[in-house]
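A.B. asks: task: produce atomic coordinates for the following.
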Amino acid sequence: EIPRVTGVQTCALPICPCHRVFGLTVVASAMSLATATAPVALGGARATLRGRRLAHTGGSDKVIQKAPAVKPRRRGTVTTASAVGTNLTTWLLRQEMEHKIDGELAVVLSSVSIACKRISSLVQKAGISGMTGLAGGAGNASGEDQKKLDVVSNEIFCEVLRISGRTGVIASAEEEDVPVAVEETYNGNYVVVFDPLDGSSNIDAAVSTGSIFGIYQSDQSCVPDWGADDEGVVQEKCITNVCQPGDNLLAAGYCMYSSSTILTLTVGHGVYSFTLDPSIGEFVMSHEDVKIPATGKIYSFNEGNFVNWEPGLKEYMDAIKKGGKANDGKPYSARYIGSLVGDFHRTMLYGGIYGYPGDDVNKNGKLRLLYECAPMSFIAEQAGGMGSTGRGRVLDIQPDEVHQRVPFYTGSREEVQYLESFLREN
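C.D. replies: Sure, this is the predicted structure:
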């Protein structure tokens, strides 16, 4: 019980002086007494003594000053904590909880991440494990020479997707013209297309490479009837399942194997990048909601083919060397790795434009629509950029065949639109 006091006294309580004010016992901290500016706690409510003198029998007159006004809290402002540092597994579970993906798609994406970890390990030690050089044979389905790691990486992707139990059809840039139908015991709801090791010609020089993938919903009308269909019918239904426009993509991504291993993906709600932490063997978010700058003065083209390009593209190249749309005399900077994943990743972070055009030798260029152009265009658009053939949107194209090629330009929206203005005029 706090004793009544007269004047100003210190009570028996160890931490608070007591004062009798207008017949009420007010408990205040010692600091509040000294400064005499803080609100006083009274009966569990906040009270402010406005310039009233303390009752006393002696001593100096002291006034409790008016407390500063408390600004009302602003309503409607919600601060969202950054997800940087979140591991991929937790992020996928969060996407599922928010109904952005279902549990089966989360399993497929997790399986892709496992494939990327395994390939990353092989790439890092390729020079000391005999994994450099050509694999021999006739090359891949596109007639390109296959590196040893091309073959091994393809096997890894096929294996993890099959045993995930969630894929109905898988199609690889390294396989024959007919995509692979997953065995009936592992039949699932998703179609996965992928290039297991893009830029593999750089492997022997330890330059960055990467894997690219896209995930579609399986059209149930095209699922093979394993009990009734013969092999030819199964193949036809698999092709129908795979040949979907990029607008149908549910998820897409790439994994870059360089100074660090970075998995970048989208499920249709922004773009996120995860860096592999080798100490724990887990992908950890390093870039949240990535956005491509609207403009950028970096171009990434193989100018060795300049002489074979169409006139409009030549005019464009001359223009950007004079400052581009700004026409300020400051030329664009040229950066070209020769690996789609590496060049695209830099373009996404710094802005600019990447292009692999058609020419007199390869009318439609060398990049495949299903495995490379559509997934990368989906990522670019989710990051605020563009993916174009120079005359139209890549994601609008209905594929005619699984290894179809198209000219490809991607990057900052304004830069791609500027290029299109030259090609459409011609």
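
A.B. asks: tell me where this protein has helices.
C.D. replies: 30-35, 88-97, 103-124, 148-164, 231-242, 311-320, 340-350, 374-382, 413-425 (DSSP state H).

A.B. asks: got these as CSV, with mean neighbour count and distance to Gly358 columns?
C.D. replies: In short, each C-beta sits where N, CA and C put it, glycine included. As requested, the helices of the chain are arranged in CSV below (neighbours: other Cβ atoms under 10 Å; distance: least, Cβ to Cβ, whole Å):
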stretch, mean neighbour count, distance to Gly358
helix 30-35, 13, 77
helix 88-97, 16, 37
helix 103-124, 20, 30
helix 148-164, 21, 24
helix 231-242, 17, 23
helix 311-320, 18, 9
helix 340-350, 23, 16
helix 374-382, 27, 16
helix 413-425, 18, 11
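
A.B. asks: Ile262: which of these is closest?
C.D. replies: helix 340-350 (7.1 Å; Cβ to Cβ).

A.B. asks: please save the CA atoms from the closest one in CSV.
C.D. replies: Extracted C-alpha coordinates of helix 340-350, given in CSV (Å, rounded to 0.1, in the frame of the first residue of the first chain):
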residue,chain,number,x,y,z
LEU,A,340,22.0,-17.4,-73.4
VAL,A,341,21.7,-17.9,-69.7
GLY,A,342,24.7,-15.7,-68.8
ASP,A,343,23.8,-13.0,-71.3
PHE,A,344,20.2,-12.9,-70.3
HIS,A,345,21.0,-12.8,-66.5
ARG,A,346,23.2,-9.8,-67.0
THR,A,347,20.6,-8.1,-69.2
MET,A,348,17.9,-8.7,-66.6
LEU,A,349,19.9,-7.1,-63.9
TYR,A,350,21.6,-4.2,-65.8
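
A.B. asks: contact partners for Gly329?
C.D. replies: Lys322, Gly323 (Cβ atoms under 8 Å, 6 or more residues apart in numbering).

A.B. asks: against Val416, how distant is it?
C.D. replies: 23 Å (Cβ to Cβ, to the nearest Å).

A.B. asks: returning to that earlier point: would you format the helices of the chain as a markdown table with mean pLDDT included?
C.D. replies: Listed next are these as a markdown table, based on pLDDT from 0 to 100:
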| stretch | mean pLDDT |
| --- | --- |
| helix 30-35 | 41 |
| helix 88-97 | 96 |
| helix 103-124 | 95 |
| helix 148-164 | 92 |
| helix 231-242 | 74 |
| helix 311-320 | 96 |
| helix 340-350 | 97 |
| helix 374-382 | 98 |
| helix 413-425 | 94 |
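
A.B. asks: as a markdown table, the ones you listed with distance to Asn202 would be great.
C.D. replies: As requested, these are arranged in a markdown table below (distance: least, Cβ to Cβ, whole Å):
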| stretch | distance to Asn202 |
| --- | --- |
| helix 30-35 | 67 |
| helix 88-97 | 26 |
| helix 103-124 | 10 |
| helix 148-164 | 11 |
| helix 231-242 | 28 |
| helix 311-320 | 24 |
| helix 340-350 | 8 |
| helix 374-382 | 18 |
| helix 413-425 | 25 |
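
A.B. asks: out of the ones you listed, which gets nearest to Thr389?
C.D. replies: Of all these, helix 413-425 sits nearest to Thr389, with 8.8 Å by Cβ to Cβ.

A.B. asks: who does the closest one touch, helix- and strand-wise?
C.D. replies: Helix 413-425 sits against helix 311-320, strand 353-356, strand 386-388, strand 408-411, with contacts defined as 3 or more Cβ pairs under 8 Å, 6 or more residues apart in numbering; DSSP states H and E.

A.B. asks: need the contact list for the most centrally placed residue in the chain.
C.D. replies: Nearest residue to the geometric centre of the chain (Cα atoms, centre = their mean): Tyr272, 2.3 Å. Neighbour list for Tyr272: Ala83, Trp91, Thr264, Leu265, Thr266, Met285, His287, Glu288, Asp289, Val290 [criterion: Cβ under 8 Å, 6+ apart].
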